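Engineer: below is the sequence, then the predicted model.
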Amino acid sequence: MLISWINKFSLIDYPWQTSCIVFTPGCNFRCGFCHNSEFVLPEKLKEVNKNLIPEKAIFNFLVKRKWLLNWVSICGWEPTIHKDLPKFCKRVKEMWFLVKLDTNGQSPKIIKYLLDNKLVDYIAMDIKNEIWKFSESAWVELDEKPYLESIKLILNSNIDYEFRTTVIKWIHTKEKIDNISKYIVWAKAYYLQNYRTWKTLDKNFKWESFSDKELEEFKNIWNLYIDKVWIRN
Ligand code: SF4
């Protein structure tokens, strides 16, 4: 699997447990607010792909850190665009690590395969917007069915998971927040992430973060449908 970077140690990615984070290059979305366009845009990816980390080096690293790490977190940009993701997860699982997957939910087939074959222990899925307004956030024409399917698969799975939305002032209104939360009624966990960055894929993207008070108001909406809602500020 193509791997562009590894964060060798984290206590945050899976709270209170140790993990390393493996980053795969490329994404099928083009969110204007994406802060890592060099790992998303094909013309920039050419440079990134000159410095990929060989899988062998990752597995050598994992062998050495087996005593320290509980989780291997696979995130991107978008890991499910890589056909060999299941094979990579299998090897990691065979080393007795727990596997966390971060995804934008674009590929229910892969998510199903990973769940059916017990190749993943935790999934974090982004819900960027109301499903029928996904294109407004992801900036590509999208068919909503795969996302609804991924949500259903994750909700019905027997692993732990989280859904999350990065809230952006000019995209997310209270009404949208209310609509988003209805897709995942009674989900185990939902994270509300405030948008804070200055480096964006679309240079003209004007961003503004929500205030703590506004985030609390959103949280209250989600609390109507979901037990555990957290704010990542
Ligand atoms: S924000 Fe995430 S989903 Fe959107 S383009 Fe960037 S990596 Fe892809």
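Structural biologist: Happy to help now that I have it. Numbers count the residues shown, from 1 in each chain.
Engineer: what's the neighbour count on I21?
Structural biologist: 20 (other CB atoms under 10 Å). C-beta: built from backbone N, CA, C; applies to glycine.
Engineer: residue contacts, K219?
Structural biologist: Residues near K219 by CB atoms under 8 Å, 6 or more residues apart in numbering: L192, V229, I231.
Engineer: state the distance from it to S211.
Structural biologist: 13 Å (CB to CB, to the nearest Å).
Engineer: how about the residues of this protein near the ligand?
Structural biologist: Residues of the chain found near the ligand (CB under 6 Å from any ligand atom) are C27, F29, R30, C31, C34, V40, G76, W77, E78, N104.
Engineer: among the contacts of K219, which ones are in strands?
Structural biologist: L192, V229, I231 (DSSP state E).
Engineer: pLDDT weak spots in the protein?
Structural biologist: Residues of the chain that meet the criterion pLDDT under 70 lie in 131-141.
Engineer: which residues in it form strands?
Structural biologist: Counting by DSSP E, the strands of the chain are 5-10, 19-23, 71-75, 98-103, 122-126, 160-167, 190-194, 229-232.
Engineer: list the contacts of stretch 224-233.
Structural biologist: By CB under 8 Å, 6+ apart, stretch 224-233 touches 164, 181-182, 184-194, 212, 215-216, 219, 222-223.
Engineer: correct me if wrong: L69 contacts S19.
Structural biologist: Yes: counting by CB atoms under 8 Å, S19 is a contact partner of L69 at 6.2 Å.
Engineer: mind listing the shared neighbours of those two?
Structural biologist: With CB under 8 Å, 6+ apart, L69 and S19 have common neighbours F9.
Engineer: higher neighbour count, these two?
Structural biologist: Using other CB under 10 Å as the criterion, L69 and S19 rank with S19 on top: 25 against 21.
Engineer: not counting residues beside it along the chain, what's closest to the more buried one?
Structural biologist: W71 (3.6 Å; CB to CB, 6 or more residues apart in numbering).
Engineer: if I look at the one you found, how far off is L62?
Structural biologist: Separation of W71 from L62 (CB to CB): 11 Å.
Engineer: go on, N104?
Structural biologist: In terms of CB to CB, N104 sits 25 Å off from L62.
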